[in-house]
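In: predicted model and sequence below, questions to follow.
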Amino acid sequence: MNTISATGLLKSYGDRAVLRGVDLQVPEGSISALLGPNGAGKTSLVEILEGHRRRDGGSLQVLGLDPGSRADFGQLRRVMGVVLQQTMLEPGPSVHDLLRRQASYYRRPADVDEMVSTLELTDHVSASVRSLSGGLRRRLDIALALIGRPRILFLDEPTTGLDPLSRRNIRALITEVNTAGTTVVLTSHDLEEVQQLADRVHVLSGGNFVTEGSPSDLIHSSGTATRVTFRIGSADTALLPGGAVLEGDTVRYEVTDQDALLAQLSSWSRDQGVQLDGLTISQPSLDDAYAALVGATTTDGGR
Ligand SMILES: Nc1ncnc2c1ncn2[C@@H]1O[C@H](COP(=O)(O)OP(=O)(O)OP(=O)(O)O)[C@@H](O)[C@H]1O
């Protein structure tokens, strides 16, 4: 079953068409990532999915509700958690008061003290929002989004501005929340984060998704090469499988079918009576694949 089902979504600002008939299916229980260059329309799309921005056309169901309808939005907000790209916290109240107030809007909220401890805000519960650093505000944003135990969680660049340890903890928390049953829609420019978290990746460019699939599907379809290197020693290079590049005593291959190459190399080394000394295999990352798939064809959207 799909938690989000969108067909033909349209959005323009003046005469600039940002979404040109976007179709999106987000399976229940997945972590789906929306990628695309600056200005591609990710935030516009996510805010339409959340019901925080009006669409110009197309049909949309989120958990069977239409976020663009006022009545449905009222129901949706009780089962939805949202972390916006920019934090919009009221500056006055303390961390604890804000979380308590937010929890009071839900029928079965999470425990406030537990949430404070999970997001490592314990030392700051009495501090007013205005006194928090950017990273602490981000953690509070996430705590507020999770306090209602949402069925769907929208995260727009959730770990931007966090220190490496907090980033790691937030990623672990996202996985945990997802494992407990929450569907997650993630927008991020951090492709390592996306590769680590997402089951599905949708790349938006020029007003539509230009490619969709699992991170490994995208890596595979980009044709990005795996790099295989080893040291040659005194072996005869003449009989090496084709495609070898010799750099001093190191042999390098760039291939898309690593299994075939490794099978050939293993018979070569057997025939030569040598080891594949210092063999390293560097798999391409989602970052490499994204650059190959999107890099040359995109431009900044003009902000
Ligand atoms: N309220 C608005 N009024 C006019 N133009 C807008 C508005 N919001 C967004 N835009 C424009 O729409 C385009 C898409 O913006 P959007 O923020 O959705 O992209 P994005 O993919 O989220 O970008 P980024 O990765 O930089 O956050 C940009 O050209 C932006 O300037």
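Out: Alright, I've got the coordinates.
In: so which bits of the strand or helix carrying Val194 are buried?
Out: Taking DSSP states H and E as the definition, one finds Val194 inside helix 191-197. Buried residues in helix 191-197, defined by neighbour count with 16 or more other CB atoms under 10 Å: 191, 193-195, 197. Yep, even glycine has a C-beta here, placed from its N, CA and C like the rest.
In: again with stretch 1-20
Out: Those would be 2-6, 9-11, 18-19, for stretch 1-20 by 16+ other CB under 10 Å.
In: next, format the residues you listed as JSON lines and append distance to the ligand, pLDDT and secondary structure.
Out: Converted to JSON lines, these look like this (distance: CB to the nearest ligand atom, whole Å; pLDDT from 0 to 100; DSSP: H, G, I helix; E, B strand; the rest coil):
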{"residue": "Asn2", "distance to the ligand": "23", "pLDDT": "94", "secondary structure": "strand"}
{"residue": "Thr3", "distance to the ligand": "21", "pLDDT": "96", "secondary structure": "strand"}
{"residue": "Ile4", "distance to the ligand": "17", "pLDDT": "98", "secondary structure": "strand"}
{"residue": "Ser5", "distance to the ligand": "21", "pLDDT": "97", "secondary structure": "strand"}
{"residue": "Ala6", "distance to the ligand": "15", "pLDDT": "98", "secondary structure": "strand"}
{"residue": "Leu9", "distance to the ligand": "12", "pLDDT": "98", "secondary structure": "strand"}
{"residue": "Leu10", "distance to the ligand": "13", "pLDDT": "98", "secondary structure": "strand"}
{"residue": "Lys11", "distance to the ligand": "8", "pLDDT": "98", "secondary structure": "strand"}
{"residue": "Val18", "distance to the ligand": "5", "pLDDT": "97", "secondary structure": "strand"}
{"residue": "Leu19", "distance to the ligand": "8", "pLDDT": "98", "secondary structure": "strand"}
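In: send me stretch 270-286 as CSV with only the CA atoms.
Out: The C-alpha coordinates for stretch 270-286 follow below in CSV (Å, rounded to 0.1, in the frame of the first residue of the first chain):
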residue,chain,number,x,y,z
ARG,A,270,46.5,-18.7,-10.6
ASP,A,271,48.2,-19.1,-14.0
GLN,A,272,51.0,-16.7,-13.0
GLY,A,273,51.4,-18.2,-9.6
VAL,A,274,51.1,-14.8,-7.9
GLN,A,275,48.8,-13.1,-5.4
LEU,A,276,46.7,-10.1,-6.1
ASP,A,277,48.7,-8.1,-3.7
GLY,A,278,47.0,-5.2,-1.9
LEU,A,279,43.7,-5.7,-3.8
THR,A,280,41.2,-2.9,-3.2
ILE,A,281,37.7,-2.6,-4.6
SER,A,282,36.2,0.9,-4.4
GLN,A,283,32.4,0.8,-5.1
PRO,A,284,30.9,3.9,-6.7
SER,A,285,28.8,5.9,-4.2
LEU,A,286,25.4,7.5,-4.7
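In: could you list the buried residues of that stretch?
Out: 272, 274, 276, 284, 286.
In: restricted to helices, list these.
Out: Here DSSP state H is the test, and the buried residues of stretch 270-286 give 272, 286 as lying in helices.
In: report the buried residues of stretch 172-184.
Out: Using 16+ other CB under 10 Å as the test for burial, stretch 172-184 gives 173-174, 177-178, 182-184.
In: show me the helices in the stretch 1-150 of the chain, by range?
Out: For the stretch 1-150 of the chain, the helices defined by DSSP state H, counting those that start in this stretch occupy 42-50, 70-76, 95-103, 112-118, 134-146.
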